[in-house]
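Chemist: heads up, no residue letters with this:
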């Protein structure tokens, strides 16, 4: 397995905006994919097997795309952009493996999760391997600033994951707390991904910060939409089961909004399902109905739209290149995507 | 909780040899403990809580002791020895958290495991936090060589854990394979711990290697004895349940030896328990009886004694200091300890 080169098709089934990104940084993405496969290598067979299972399942590669775009935005011509992009995807993959174990998820990107194929033990350990491998690669790369950004991001991400876990089944979770969790567990890696592209070019602090901020806002918009889709998409387009968050007791923005604006009867329903885990017949349909009736999806999408707009504003001071344009498109896409 | 300073008593209930180590590097251990508590800090309450639960449970601090001894062996007088020792303990703690989730262990060091107190989800995420925090600290310390040693160690450790998992319930596991797992999952961190003390003193490669090799052999002896104790100790001295490995289907040296030398009836017994997970009445007592009858504990202890002796040999070229003497004592202790 480690010596095979499975055909990776990062650009298949992508919406037009991502296809265009593929045109812009296609060869860079190919290099990134090659590095990912190469670095997944381990004499312990299960590691590349499980790594490939999740990495080849056709995620959108949004995070490495950010690193590549950010590096190219400043005219980077070296090879290390793909290396750093691969590291970002490794860390993302490690968090997915651990997330799916923690959530006992069965489906991800339309495929069986690693834990549903191999049980919950191996993905914990393979996730640890991917984390370690990421730091090995960064140490070999030798830039302490990049190491700092990634190590900081990993710490913040795991804090965010713990915060989310603690807030599970707790309907008193505020919108502010929800957004802090979103920033930490999701947006921080988007921020790091965009930031390290600028660091690779040794750009001034102001530009590095603008890109980090862009990534943070983009990632926030992305996750808020993701959480909304859990109450509005179909299984096919979502790649996982609609209502997973609901059944897991995750307190996301649509729920926070619907609960806040619900009448006593509605609040009793939310409390039964999300706090006491007592799901009446057709609970999910009823939840979706309430969320629609209270305008909670619209509210969530509105918030996401604002974050995406703020993300685009961060780009104003950066060079007006095709990469910057693509970054702006990505911000729009994070809200418009219906999958 | 993060602002309290719980009384840590690393030297309580320690056997004489460790007490003597405490005399030699007591203040350094105190500094290490202070750094551990300080760095465990996070605004996410559960993190310092769970970290303290496991770190304060009175482990023997063998790994940080190695770093401190190794640094002092060459006359180190700075403050960074305790910082690196704390990182080593953090990484050890992260692996314990993940191990106990993977093994579904209930007891560790005579206390409830984190997963039995908080469920299996949070320890996965808090373990990730401790890994990340370790790299944050190392990045701030800024020595790429130390970063490389620790990142390499983490990758090898997780590979070892995966190897162990794959070999579970497989009686065809060879002694050689078992020892490779032991080296990776346990001894590698002992090696890194001893090695970074020398790196901190910018010692020549030869001395750095000698200490790494010492740590590797010491750690191997330690784990081989640990696995033997699982069939010979009492719950009280072991701090966890005797027979855990047996019931989890872990193929350790006593089993490999007893199976290899067993008659067909004995082999059938081992196969039923360890491969098919069919445990007859009083299976553990019978297993212990067979292991004793076949001299398998003696064999394991013999192997451990050889590793410990080889560990001591590595010290020959190093400065003849009290620290070196303590390292030799530690090698003896790794075999002699009956707990």
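Modeler: Everything's here; your move. Computed from a predicted model, the values in this text were never measured in an experiment.
Chemist: separation between residue A:309 and residue A:317?
Modeler: Taking C-beta to C-beta, to the nearest Å as the measure, residue A:309 and residue A:317 are separated by 16 Å. For every residue, glycine as well, the C-beta is placed using N, CA and C.
Chemist: please disregard the earlier target; I meant residue A:191.
Modeler: 17 Å.
Chemist: between these two, which is the more surrounded one?
Modeler: Neighbour tally, residue A:191 and residue A:317, criterion other C-beta atoms under 10 Å in any protein chain shown: the higher count belongs to residue A:191, 27 against 10.
Chemist: the more buried one contacts residue A:210, correct?
Modeler: No. Counting by C-beta atoms under 8 Å, residue A:191 sits too far from residue A:210 to count as a contact (11.0 Å).
Chemist: show me the common contact partners of the two, please.
Modeler: Between them, residue A:191 and residue A:210 share no neighbouring residue, with contact defined by C-beta atoms under 8 Å, 6 or more residues apart in numbering or on different chains.
Chemist: now do the strands in chain A.
Modeler: A:107-108, A:111-112 (DSSP state E).
Chemist: hmm, who's touching the last one?
Modeler: By C-beta under 8 Å, 6+ apart, the list of residues contacting strand A:111-112 from outside reads A:53, A:57, A:106.
Chemist: just the ones of those residues in helices?
Modeler: Under the assignment DSSP state H, those contribute residue A:53 to helices.
Chemist: now, which of the contacts of strand A:111-112 sits nearest chain B?
Modeler: For the contacts of strand A:111-112, the minimum distance to chain B (C-beta to the nearest C-beta) is 14.1 Å, reached by residue A:53.
Chemist: any idea how far the closest one is from residue A:32?
Modeler: Taken as C-beta to C-beta, the spacing of residue A:53 relative to residue A:32 amounts to 18 Å.
Chemist: who has more neighbours out of those two?
Modeler: Looking at residue A:53 and residue A:32 with other C-beta under 10 Å, you find the greater number of neighbours at residue A:32, namely 27 against 19.
Chemist: was I right about the more buried one contacting residue A:84?
Modeler: No. Here residue A:32 lies out of contact with residue A:84, judged by C-beta under 8 Å, at a distance of 9.1 Å.
Chemist: and stretch A:247-254, how far apart are its ends?
Modeler: End-to-end distance for stretch A:247-254: 14 Å, by C-alpha to C-alpha, to the nearest Å.
Chemist: average pLDDT for it?
Modeler: The predicted model gives stretch A:247-254 an average pLDDT of 96.
Chemist: hmm, who's touching it?
Modeler: By C-beta under 8 Å, 6+ apart, the list of residues contacting stretch A:247-254 from outside reads A:103, A:164, A:167-171, A:173, A:175, A:178, A:224, A:227-228, A:230-231, A:245, A:274-275, A:277, A:279, A:284, A:291, A:296-297, A:299-300, A:303.
Chemist: show me these that map onto helices.
Modeler: Secondary structure assignment by DSSP H places A:103, A:164, A:167, A:175, A:178, A:224, A:227-228, A:245, A:284, A:291, A:296-297, A:299-300, A:303 of the contacts of stretch A:247-254 in helices.
Chemist: just the buried subset of those, written out for PyMOL, thanks.
Modeler: If you want just the buried ones from those in PyMOL, going by 16 or more other C-beta atoms under 10 Å in any protein chain shown, the selection is:
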select buried, chain A and resi 103+164+167+178+224+227+228+245+291+296+297+299+300+303
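Chemist: looking at the ones in helices among the contacts of stretch A:247-254, which is nearest residue A:126?
Modeler: For these, the closest approach to residue A:126 (C-beta to C-beta) belongs to residue A:103, at 16.6 Å.
Chemist: distance of that closest one relative to residue A:123?
Modeler: The separation that residue A:103 has from residue A:123, given C-beta to C-beta, amounts to 12 Å.
Chemist: ok, residue A:94 next?
Modeler: Distance of residue A:94 to residue A:123, computed by C-beta to C-beta: 9 Å.
Chemist: can you check residue A:324 too?
Modeler: Computed as C-beta to C-beta, the residue A:324 to residue A:123 distance reads 37 Å.
Chemist: higher neighbour count, those two?
Modeler: Higher neighbour count among residue A:324 and residue A:123: residue A:123, with 27 against 19, using other C-beta under 10 Å.
Chemist: my guess is the more buried one contacts residue A:100, does it?
Modeler: Yes. Proximity of residue A:123 to residue A:100 meets the contact threshold set by C-beta under 8 Å, at 6.7 Å.
Chemist: noted, bye for now.
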